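Student: Structure here, sequence nowhere to be found:
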């Protein structure tokens, strides 16, 4: 659906230029929920604005279904955008806001009414059709903004952190609502966020960005379980970084590597996505992919520094012999691990393939 090829965007400055995008290339599939994820200033919103036509790239190309988007002004692109601020007309009703864009496109009145009714039903706002948008809640305003953007049936809907102004519970509800709307309409969504949980919850695929470049693209499970490099592992969720020595890649194409941990014990972990030389490497291990055992049985050994109870699970902070902090997450079950206290010596066990050798 969308082909972004080697797009660079440089903003001139008084003392030096700023490169917001440095040769970014992505492909977004038809009927896909695709998320641009990264910290503030990584270039994700700039890339969205290039696709929408609000920014023109310094170099590169953008195509939609083979059509050169850069040759078209924003209003002629089959793309709509939902911004952080919903930009609704407060003096208009919900129905009038939804139909406004269609009227500007000179659609017949009968078609406008029919489409508005469909959109109201889609976002579950039929009963509020005649309410002013200044008289409804933030979550309801967001639904109206979505309905207005979806009404002209764009090929692609761009969403620039549209949930950031909502409270936690409403934001969680709207994550599911957005995924439902995307599935029901069949429209390609490109979603921008810095919230890892949002990205993992809603996306078919995620592009993790940093400093104007794409660091990894893949489905949420692949991004989380098999980060390609340290930045991705560190940015997505909580991760333990463990030093080890890479001994060998086991079997061509099997995806496993044999490493020696600081304890001297060997372990089998996920191999890196690209070539890497034998020698010192860093492993990424998620807190839920390791568990506590008796000290003598552990691949790593250490001392419990802190125990943090979260209701559904408990986090154990262990200082591994050698000085590194390792966090484990255990789901709470009656009688399990309740005897452990700060200062206890423990062992850490890691399942085969639970660790990931990082490229950098």
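Tutor: Sure, I can see it. Worth saying up front: this structure is predicted, and the values here are computed from it rather than measured.
Student: Do a quick rundown of the helices in the protein.
Tutor: 44-52, 94-104, 109-122, 138-150, 168-185, 196-202, 220-225, 230-235 (DSSP state H).
Student: I'd like those helices laid out as CSV, including mean neighbour count and mean pLDDT.
Tutor: In short, each C-beta sits where N, CA and C put it, glycine included. Formatted as CSV, the helices of the chain follow (neighbours: other CB atoms under 10 Å; pLDDT from 0 to 100):
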stretch, mean neighbour count, mean pLDDT
helix 44-52, 24, 95
helix 94-104, 20, 88
helix 109-122, 16, 89
helix 138-150, 22, 85
helix 168-185, 16, 84
helix 196-202, 19, 91
helix 220-225, 18, 92
helix 230-235, 20, 92
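Student: Minimum distance to residue 16: which of those helices has it?
Tutor: Nearest of the helices of the chain to residue 16, taken as CB to CB: helix 44-52 at 17.4 Å.
Student: could you say what helices and strands that closest one packs with?
Tutor: strand 2-11, strand 18-28, strand 33-37, strand 79-82, strand 156-160, strand 188-193 (3 or more CB pairs under 8 Å, 6 or more residues apart in numbering; DSSP states H and E).
Student: Switch the helices of the chain over to TSV; also include distance to residue 36.
Tutor: As requested, the helices of the chain are exported to TSV (distance: least, CB to CB, whole Å):
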stretch	distance to residue 36
helix 44-52	4
helix 94-104	24
helix 109-122	25
helix 138-150	17
helix 168-185	15
helix 196-202	9
helix 220-225	13
helix 230-235	13
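Student: domains of this protein?
Tutor: 2-225, 239-357 (automatic domain parsing).
Student: weakest of the ones you listed in terms of mean pLDDT?
Tutor: Of all those, mean pLDDT reaches its minimum on domain 239-357 (a mean of 86).
Student: okay, the helices and strands packed on helix 44-52, which one's buried deepest?
Tutor: Among the helices and strands packed on helix 44-52, strand 33-37 has the highest mean neighbour count (mean count of other CB atoms under 10 Å), at a mean of 26.
Student: ok and that strand relative to strand 2-11, angle-wise?
Tutor: 20 degrees (axes from the mean of the first three to the mean of the last three CA atoms, to 10 degrees).
Student: relative orientation of strand 33-37 and helix 44-52 in degrees?
Tutor: Using the same axes, to 10 degrees: strand 33-37 against helix 44-52 is 140 degrees.
Student: ok so, going back, save the domains of the chain as a markdown table, and put in distance to residue 233 too.
Tutor: Shown next, in a markdown table, are those (distance: least, CB to CB, whole Å):
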| stretch | distance to residue 233 |
| --- | --- |
| domain 2-225 | 9 |
| domain 239-357 | 4 |
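Student: Looking at those domains, which is nearest to residue 231?
Tutor: Set against residue 231 and scored by CB to CB, these come closest in domain 2-225, at 5.5 Å.
Student: okay, how far is it across that closest one, tip to tip?
Tutor: 27 Å (CA to CA, to the nearest Å).
Student: try stretch 32-41
Tutor: Terminal-residue distance, stretch 32-41 (CA to CA): 25 Å.
Student: quick one: contacts of that stretch?
Tutor: Residues outside stretch 32-41 that contact it (CB atoms under 8 Å, 6 or more residues apart in numbering) are 1, 26, 28, 44, 47-48, 179, 182, 188-194, 196, 198-199, 202-210, 235-236.
Student: repeat for stretch 329-345
Tutor: Residues outside stretch 329-345 that contact it (CB under 8 Å, 6+ apart): 238, 287-288, 291-292, 295, 301-307, 309, 311-316, 346.
Student: For residue 62, give me its contacts.
Tutor: 2, 3, 4, 5, 7, 50, 51, 68, 69, 70.
Student: So which of those is the closest to residue 98?
Tutor: Out of the contacts of residue 62, the member with the shortest distance to residue 98 (by CB to CB) is residue 51, at 23.4 Å.
Student: okay but that closest one is in contact with residue 160, surely?
Tutor: No. If you go by CB atoms under 8 Å, residue 51 and residue 160 don't touch, sitting 10.9 Å apart.
Student: got the contact list for the spatially most central residue of the chain?
Tutor: Centroid check for the chain by CA atoms, centre = their mean gives residue 199 as the closest residue, at 2.9 Å. Listed by CB under 8 Å, 6+ apart, the contact set of residue 199 reads 35, 37, 191, 193, 206, 220.
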